[in-house]
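> Give me coordinates for this.
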Amino acid sequence: MPITMDEFISLVEPEKTVLLFGAGASIPSGAPGVNELVGHFAEKYELDKDLELAEITFLAEKKASRRKVITDLRKFFPHVKPKGGLLKLPRWRWKGIYTTNYDTLVEQAFEKANKKCRVYSSNFDFHIDEEEFDCELFKIHGTIEKDISDGNQSRIILTVDDYDQTEEFREQLYDRMRGDLAGADLVIVGQSLSDPDMDELVKRAARLNKSSFSPGSITLLVYTENESRALLQERKGLRVVFGGIDELFTQLEKKPPKVVAASAVK
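You can find the predicted model right below:
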């Protein structure tokens with residue numbers, strides 16, 4: 001049985017928690033869903049709407065150009081601003097934040113809170129940096145602001161070709177995630193358990209957690225309730241919580257501060 005949001009909140013310790021954001025973290029702030037993007041490219045480029053996003057954008061790029069496809073994609077994002085619970089994200093010090101989303105919602109939330117967020121969206125972002133940051137954000141599929149069509153070294157990981165050419169970068173991020181998961185819990189925020197992208201995230205995360213030095217628990221926070229699919233995930237040892245990102249951070253904000261025993265204070 002899925003656990004309640006209240007039960008889950010009682011277990012969360014942000015400094016020992018890694019967040020992995022899927023589409024469910026961005027849609028409440030106005031970001032497009034995969035189906036919306038697929039529909040757009042299918043209609044504009046007269047392609048099969050039953051194709052995956054990576055497939056349909058590859059074909060669209062062949063029909064037009066990389067620049068046109070990326071320009072089309074970017075038209076969905078200028079209005080995307082952090083709302084609701086996402087604005088509360090910077091109030092805690094998370095062990096790590098990862099996202100498969102292209103948007104800049106996390107970066108905007110930290111900027112609004114006057115905090116610094118170190119962003120990794122390509123291999124070229126890994127370098128020695130002595131500056132202090134309030135969070136490290138790892139963007140598994142790149143970022144909407146940077147692409148090779150602009151003359152940038154980074155690329156938005158959108159088409160099947162992009163996935164092939166950025167495998168090394170994504171493996172580097174997953175290696176980093178494996179390290180972050182040692183002694184930590186993982187919370188995956190998604191839209192639906194029936195989403196194939198969510199399923200792939202869960203499988204990858206479970207493998208990484210199992211291979212970490214000291215594996216923690218994995219919790220799936222999903223907006224769309226489905227008891228049957230929840231049971232299928234729970235049989236793998238994962239926890240499932242039905243709810244959205246707004247509810248998560250609103251409830252977490254109400255959690256009483258952790259009390260440190262006087263004997264532990266030096």
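> The stretch 51-200 of the chain: strands as residue ranges?
In the stretch 51-200 of the chain, the segments counted as strands under DSSP state E, counting those that start in this stretch are 96-99, 117-120, 135-139, 185-190.
> For the last one, which strands pair with it and how are they oriented?
This means strand 185-190. If you go by DSSP bridges, strand 185-190 pairs up with strand 17-21 (parallel), strand 218-222 (parallel).
> how about the ones you listed in CSV, adding distance to residue 157?
To be clear about C-beta, it is placed using only N, CA and C from the backbone, and glycine gets the same treatment. Listed next are the strands paired with strand 185-190 as CSV, based on distance: least, CB to CB, whole Å:
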stretch, distance to residue 157
strand 17-21, 15
strand 218-222, 23
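> okay, the strands of the stretch 51-200 of the chain in TSV with mean neighbour count and distance to residue 43 next?
What follows is these, written out as TSV (neighbours: other CB atoms under 10 Å; distance: least, CB to CB, whole Å):
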stretch	mean neighbour count	distance to residue 43
strand 96-99	22	27
strand 117-120	19	32
strand 135-139	22	28
strand 185-190	24	26
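> Ok, which of those comes nearest residue 4?
Taking CB to CB, strand 185-190 is the member of those nearest to residue 4, at 15.1 Å.
> For the stretch 151-266 of the chain, just list every one of the helices.
160-165, 167-180, 196-211, 227-234, 245-253 (DSSP state H, counting those that start in this stretch).
> Would you tell me which of the strands paired with strand 185-190 gets closest to residue 125?
Across these, residue 125 has its closest neighbour in strand 17-21 (17.9 Å, CB to CB).
> and the angle for that closest one with strand 135-139?
Orientation check (axes from the mean of the first three to the mean of the last three CA atoms, to 10 degrees): strand 17-21 against strand 135-139 gives 40 degrees.
> contact partners of strand 17-21?
Outside strand 17-21, the residues within contact range by CB atoms under 8 Å, 6 or more residues apart in numbering are 94-101, 106, 177, 180-181, 184-189, 201, 205.
> between the strands paired with strand 185-190, which gets nearest to residue 253?
Closest to residue 253 of the strands paired with strand 185-190 is strand 17-21 (CB to CB; 14.9 Å).
> Show the end-to-end separation of stretch 80-95, please.
Its start and end residues considered, stretch 80-95 measures 26 Å (CA to CA, to the nearest Å).
> nope, stretch 150-158 is what I meant
The first and final residues of stretch 150-158 sit 15 Å from each other (CA to CA).
> again, but for stretch 87-104
12 Å.
> Pull the distance from that stretch to the chain's centre.
Computed by CA atoms, centre = their mean, to the nearest Å, the chain-centroid distance of stretch 87-104 equals 8 Å.
> Also stretch 76-90?
That offset, for stretch 76-90, works out to 13 Å (CA atoms, centre = their mean).
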